[in-house]
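K.L.:
pasting the structure only:
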C-alpha cells in the first residue's frame, strides 16, 4: 500500500501483449474506491491503425520512422494488429481487409481483436488521415505517461523492500526516468545538401592549416594539438604526486572553458571547499599573488581593477561547484544528469578520484575494486552525457623512488584507470625534487634551470599521439602557461 493509502490492482482481463507493460489501475480509497485508469487514448490508437490499413505504404512507413512499437498501444489487441501490419509491410505483401481478416483468423488472433466486425470498425474508423501525425503523437505521449507510472510503481515496491544500498537504488530510479526520455526522442534524417557547406569549410580549413578542434579547447596549444580538444564521451586523467599543481592545472582549464568559451562546467571538489576554489580562481584570473593576502594589504589601483574585472567575469560564468567530501559515484552521476538537463553542461571536472567512494556491496573491503567501479562509472557518465570529464588522480611513490619522471604504472590502482581513460597526462616538475639544501655550482645551476619548468607527459592518447606538453608553472599565481619548446643541440 502506498503512503496515501492507495494501491494497485489488475486493470484488464485481456492477456497483455508480450511487448506491453502490465495493465494496471490505481484504486483511490479517498474517492469511494474508484479506479483510476492508466493514461490512454483508444480513439487515436484506432485512428492511426485505420490510416495504416487504408494507406499502408504512406502511414506504416511514417510510423516506423517515428519508432512506433506494438508496446506503445494501450489495448494489447491493437498492438498485436500493428505487429501484423508491420510484418506484412516489411515483407512487401499487400494489406487489404479481406486477406488481413483471414490471416488474423488463421493465427487465432481475430477473436482477441473482437472479431471481424471490430476489425472492420477499425478499418473505417478514420475517414481521413489528415490527423495521423497528431494522433500518433497522442498515442506515444500516453505511452510515456504509462511508462513513468510503471517505473514509479516498481520503484515504490522496491523501496518498501528497504534496499541496503540506498544510493545505488536512487541512481537506478533516476536512470529509469532518463531512459524513458531518451527512448521517446526520435532522430530524424538530414538532407545531404545541408551538410555540403560544412564539408567544404572543413576542406578549406585543412588547406589553410586552420582545422578547428573536435572537442573543447584547453587553451594549451600542444595539448589541444595532440588531443584535438577534449572530446565528448572521453575521460581525461591528470595524475601527479601531491603538491605538483594538478588542481591548478585542472582549474586553469576549467577557467578557460567556463569563462573564455562560456561552456557550462560542473566541478566536483572532494578536497577543497567551494570558497577556496573561488578564491584561487579569482586571484589567479586577476594575476594577483595570493602571497599578498595578509592583514593590512593594499593592492595597487591596477591590481584592484584586475580583481574587480575578474570577479565580474567569474560571477557571469556558467560554472558550478559541488564540494561534497568523499562523494559517492552514484551521487556524482545523479547530480551530473540533473545539471546536464537543467544547464546543458559541456564539461565535468573531478578533484580527485581517490577521494571518491563507491557504495556498492562488491566494493566493500577492496580498495582496488572500489577504484575500478569509480573509474568505470565516470567513463560511463562521460559517454551517457556525451561530454568530456577531467579527473585528477594521485600517483604512488614511484617517481621519488626512481628519482625521475612518472610513468603510467605509477597510478594508484592503475589497472582500471589505464583501461578506462581515453587520455592520461602525468604532471611533472623537476624543481619539486631538487634539494634546496644542496650546495655547489652545478646544483645551483640545475635549480635555476628547472625553476618554473613543468611537463604534462601524455602517456596515453586513445585517438592521437603521445608526448610531452611543455609548460611553465607560476606558483605565486597558481597558473600553468604554455612554454616554448627548447631547441635541441
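P.N.:
Cool, got the structure. Keep in mind the model is a prediction, meaning the values are calculated, not measured.

K.L.:
The stretch 151-300 of the chain: helices as residue ranges?
P.N.:
Secondary structure of the stretch 151-300 of the chain, counting by DSSP state H, counting those that start in this stretch: helices at 166-184, 193-207, 221-227, 246-255, 274-285.

K.L.:
Show me the least confident stretch of the ones you listed, going by mean pLDDT.
P.N.:
Note on those: lowest mean pLDDT is at helix 193-207, with a mean of 62.

K.L.:
Okay, now the unreliable bits of the stretch 301-450 of the chain?
P.N.:
359-365, 403, 412-414, 433-449 (pLDDT under 70).

K.L.:
quick one, strands of it?
P.N.:
Along the stretch 301-450 of the chain, counting by DSSP state E, counting those that start in this stretch, strands occupy 319-322, 347-351, 389-394, 423-428.

K.L.:
Of all the helices of the stretch 151-300 of the chain, which one comes closest to residue 355?
P.N.:
Smallest distance to residue 355 across the helices of the stretch 151-300 of the chain (CB to CB): 11.7 Å, for helix 246-255. Just so you know, the C-beta spots here come from the backbone N, C-alpha and C atoms, and that holds for glycine as well.

K.L.:
show me what contacts the residue most central in space within the chain?
P.N.:
The C-alpha lying nearest the average C-alpha coordinate of the chain belongs to residue 385 (CA atoms, centre = their mean; 1.7 Å). Shown in contact with residue 385 (CB atoms under 8 Å, 6 or more residues apart in numbering): 336-337, 340, 345, 348.

K.L.:
Residue 233 against residue 386, yeah?
P.N.:
Yes - counting by CB atoms under 8 Å, residue 233 touches residue 386, with 5.5 Å between them.

K.L.:
more crowded one of these two?
P.N.:
residue 233 (17 against 11; other CB atoms under 10 Å).

K.L.:
what's the spacing between the more buried one and residue 382?
P.N.:
Noted for residue 233: a distance of 5 Å to residue 382, by CB to CB, to the nearest Å.

K.L.:
how's this structure carved up into domains?
P.N.:
Under the assignment automatic domain parsing, the domains of the chain span 42-184, 215-482.

K.L.:
Turn these into JSON lines, columns for distance to residue 36.
P.N.:
Converted to JSON lines, the domains of the chain look like this (distance: least, CB to CB, whole Å):
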{"stretch": "domain 42-184", "distance to residue 36": "10"}
{"stretch": "domain 215-482", "distance to residue 36": "29"}
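
K.L.:
closest to residue 197 out of these?
P.N.:
That would be domain 215-482 among the domains of the chain, by CB to CB, at 21.8 Å.

K.L.:
and residue 330, how many residues sit next to it?
P.N.:
Neighbours of residue 330 using other CB under 10 Å come to 22.

K.L.:
and if you look at residue 462?
P.N.:
Neighbours around residue 462, by other CB under 10 Å: 12.

K.L.:
Contacts only, for the spatially closest residue to it that is not a sequence neighbour.
P.N.:
Nearest non-adjacent residue to residue 462, counting by CB to CB, 6 or more residues apart in numbering: residue 422, 4.4 Å away. Taking CB under 8 Å, 6+ apart as the criterion, residue 422 is in contact with 231, 234-236, 460-463.

K.L.:
Put the buried members of those into a ChimeraX selection.
P.N.:
Buried members of these, defined by 16 or more other CB atoms under 10 Å, are picked up in ChimeraX with:
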select :231,234,235,236,460,461
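
K.L.:
Among the contacts of residue 422, which lie within strands?
P.N.:
The strands, defined by DSSP state E, take in 235-236, 460-461 from the contacts of residue 422.

K.L.:
Looking at those, spot the one nearest residue 90.
P.N.:
Taking those together and measuring to residue 90 by CB to CB, the closest member is residue 235, at 40.4 Å.

K.L.:
Pull up the per-residue confidence for the closest one.
P.N.:
92.

K.L.:
That one and residue 151, how far apart?
P.N.:
In terms of CB to CB, residue 235 sits 29 Å off from residue 151.

K.L.:
ok, now residue 223?
P.N.:
For residue 223 relative to residue 151 (CB to CB), the value is 42 Å.

K.L.:
Over to residue 463?
P.N.:
36 Å.

K.L.:
Over to residue 330?
P.N.:
Distance of residue 330 to residue 151, given as CB to CB: 18 Å.

K.L.:
Stretch 56-68: which residues count as buried?
P.N.:
So, applying 16+ other CB under 10 Å, buried residues of stretch 56-68: 56, 59-60, 62-63, 66, 68.

K.L.:
swap that for stretch 42-54, please
P.N.:
In stretch 42-54, counting by 16+ other CB under 10 Å, buried: 44-54.

K.L.:
Just the ones in helices from those, please.
P.N.:
Under the assignment DSSP state H, these contribute 44-54 to helices.

K.L.:
List just the nearest of those residues to residue 113.
P.N.:
For those, the nearest to residue 113 is residue 49 (10.4 Å; CB to CB).

K.L.:
Model confidence score at the closest residue to that closest one other than its chain neighbours, please.
P.N.:
Once flanking residues are discounted, residue 49 sits nearest to residue 122: 5.4 Å by CB to CB, 6+ apart. pLDDT, residue 122: 90.

K.L.:
pretty sure residue 84 contacts residue 103?
P.N.:
Yes - using CB under 8 Å, residue 84 is in contact with residue 103, at 6.7 Å.

K.L.:
how about the helices in the stretch 1-150 of the chain?
P.N.:
42-54, 56-65, 76-91, 97-106, 110-113, 115-123, 132-160.

K.L.:
swap in the stretch 351-489 of the chain?
P.N.:
Secondary structure of the stretch 351-489 of the chain, counting by DSSP H, counting those that start in this stretch: helices at 367-385, 398-402, 414-420, 441-450.

K.L.:
Columns distance to residue 288 on top of these, output as JSON lines?
P.N.:
Shown next, in JSON lines, are the helices of the stretch 351-489 of the chain (distance: least, CB to CB, whole Å):
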{"stretch": "helix 367-385", "distance to residue 288": "33"}
{"stretch": "helix 398-402", "distance to residue 288": "32"}
{"stretch": "helix 414-420", "distance to residue 288": "36"}
{"stretch": "helix 441-450", "distance to residue 288": "25"}
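
K.L.:
looking at those, which is closest to residue 279?
P.N.:
helix 367-385 (26.6 Å).

K.L.:
Flag every buried residue along the closest one.
P.N.:
Buried-residue list, helix 367-385, by 16+ other CB under 10 Å: 369-379, 381-382, 384-385.

K.L.:
burial count for residue 428?
P.N.:
23.

K.L.:
One more: residue 303?
P.N.:
17.
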